[in-house]
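Enquirer: Pasting the sequence and the predicted model now:
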Amino acid sequence: MATRPRRDFPYYRGEPVALSGLGWVLALGGCVAGFLCLILVPRGEAGQALGLAGPLLFVSLPLVGLALAAGRGWTALFPRPTTRDLLLGLAFMPLTLLVSGVVAFFYSKAGLAHASPVADMLVQLPGAKRAIFLAGTAPQLLGEELVTILPLLGVLTLCHRRLGLPRGASIAIAWLVSAMIFGALHLSTYGWNLVQVLLVIGVARLVLTIPYLLTRSVWASFTAHICLDWSIFAFVLLQGARA
C-alpha cells in the first residue's frame, strides 16, 4: 500500500527551494519589520479597530519577506492541515499551560515576576471593544508563530548546511534559539525582566514548538498557541464576571 511521504522541514535542504543568504535576510528581515510594526504602529485605545493594523502587518510582513525569498515555495510553511496536526496542537495546549504554570509559580514565589497588563485590560473592556481586541489576537498569534518558526528554520539551515552539524543537534539548537528569541520579544510586556521572559515565556515556547517539530506544520503549533491564549482569556473573563 502506498503511503504519503513524511514531511520534512522546508528550505534547510533545498526543498522545495533553497534560500540564499539574501533570501534569509529578506525572510528574517520581514520578521523584524513585522514586529516593529506591531509595537510601533499606533493603536489608539484598546479595542479600537485601528488596533488591528499592527497585528495584520505583524503577520503579513514576514510572509512578504518569505515570498520574496522563496517565490511560490513560501507555501511550504503551511502544508494542508490534517486531523493529526490539529489534534497534536490541541494536545499540547494543556501541557504548555501546565509546564509554564509550574515555572511561573516557582518564579513568582521569588517575588521577581512582572504581571502581564492584558488580563486587567481585557476585563475592563466593554463588549464590542473586547471582541475587536480578541479578533486582533488571531493574526498576532499567527505572526508570533512566524517569527518563531522562520528563525528556527534559519538557524537549522545555518547549523546543518553551513556548519555541517548533525541534523538532530541542529534541530535542538534551532529549537532553543528560537524559544529565546520568542521570549525576548516579550521584554516590554513584562517590564524588561530578561530572566522572566527567557525562563517562563521561553519554556512555554519550547513546548509550543514541539507540535511543529512533530508535524512540520505551522498549523499545529498555531492551534496549540491560540487555544492556550484564548483559554487563558476565557478564564480571566470568567473570573472577572464572578468578581
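Expert: Structure's in. What do you need?
Enquirer: helices and strands around the longest helix belonging to the chain, which ones?
Expert: Counting by DSSP state H, the longest helix found in the chain is helix 127-157. Judged by 3 or more C-beta pairs under 8 Å, 6 or more residues apart in numbering; DSSP states H and E, the packing partners of helix 127-157 are helix 21-40, helix 53-70, helix 167-184, helix 202-215, helix 218-242. Yep, even glycine has a C-beta here, placed from its N, CA and C like the rest.
Enquirer: quick one: which of the ones you listed is nearest residue 81?
Expert: Closest approach to residue 81 among the helices and strands packed on helix 127-157 (C-beta to C-beta): helix 218-242, 4.1 Å.
Enquirer: just how off-centre is that closest one within its chain?
Expert: Here helix 218-242 is found 14 Å from its chain centre; the criterion is C-alpha atoms, centre = their mean, to the nearest Å.
Enquirer: any residues touching that helix, and which ones?
Expert: Helix 218-242 is contacted from outside by 77-79, 81, 85-86, 88-90, 92-93, 96-97, 119, 122-123, 134, 137-138, 141-142, 144-146, 148-149, 208-209, 211-212, 214, using C-beta atoms under 8 Å, 6 or more residues apart in numbering.
Enquirer: my guess is residue 52 meets residue 138, correct?
Expert: No - the criterion here is C-beta atoms under 8 Å, and residue 52 misses it with residue 138 at 10.0 Å.
Enquirer: Helix or strand with the lowest mean pLDDT in the protein?
Expert: Least confident helix or strand of the chain, by mean pLDDT, DSSP states H and E, is helix 118-124 with a mean of 72.
Enquirer: What's the separation between residue 71 and residue 15?
Expert: 14 Å (C-beta to C-beta, to the nearest Å).
Enquirer: Pull out the buried residues from stretch 12-30.
Expert: Buried residues in stretch 12-30, counting neighbours by 16 or more other C-beta atoms under 10 Å, are found at 12, 17, 19, 23-24, 26-30.
Enquirer: mind checking the end-to-end distance for that stretch?
Expert: 18 Å (C-alpha to C-alpha, to the nearest Å).
Enquirer: give the contact list for residue 64.
Expert: Residue 64 is in contact with residue 30, counting by C-beta under 8 Å, 6+ apart.
Enquirer: nope, residue 41 is what I meant
Expert: Counting by C-beta under 8 Å, 6+ apart, residue 41 makes contact with 53-54, 57.
Enquirer: Okay, it and residue 129: tell me how far apart.
Expert: As judged by C-beta to C-beta, residue 41 and residue 129 stand 18 Å apart.
Enquirer: again with residue 201
Expert: From residue 201 across to residue 129, the span is 26 Å (C-beta to C-beta).
Enquirer: returning to what we had before: can you add distance to residue 158 and mean pLDDT and give the helices and strands packed on helix 127-157 back as CSV?
Expert: Below are the helices and strands packed on helix 127-157 laid out as CSV (distance: least, C-beta to C-beta, whole Å; pLDDT from 0 to 100):
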stretch, distance to residue 158, mean pLDDT
helix 21-40, 8, 96
helix 53-70, 15, 95
helix 167-184, 8, 96
helix 202-215, 17, 95
helix 218-242, 20, 85
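Enquirer: Dump these to TSV, plus distance to residue 155.
Expert: Formatted as TSV, these follow (distance: least, C-beta to C-beta, whole Å):
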stretch	distance to residue 155
helix 21-40	10
helix 53-70	16
helix 167-184	4
helix 202-215	12
helix 218-242	16
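Enquirer: which stretch among those comes nearest residue 196?
Expert: Within the helices and strands packed on helix 127-157, the stretch nearest residue 196 is helix 167-184; the backing value is 8.5 Å (C-beta to C-beta).
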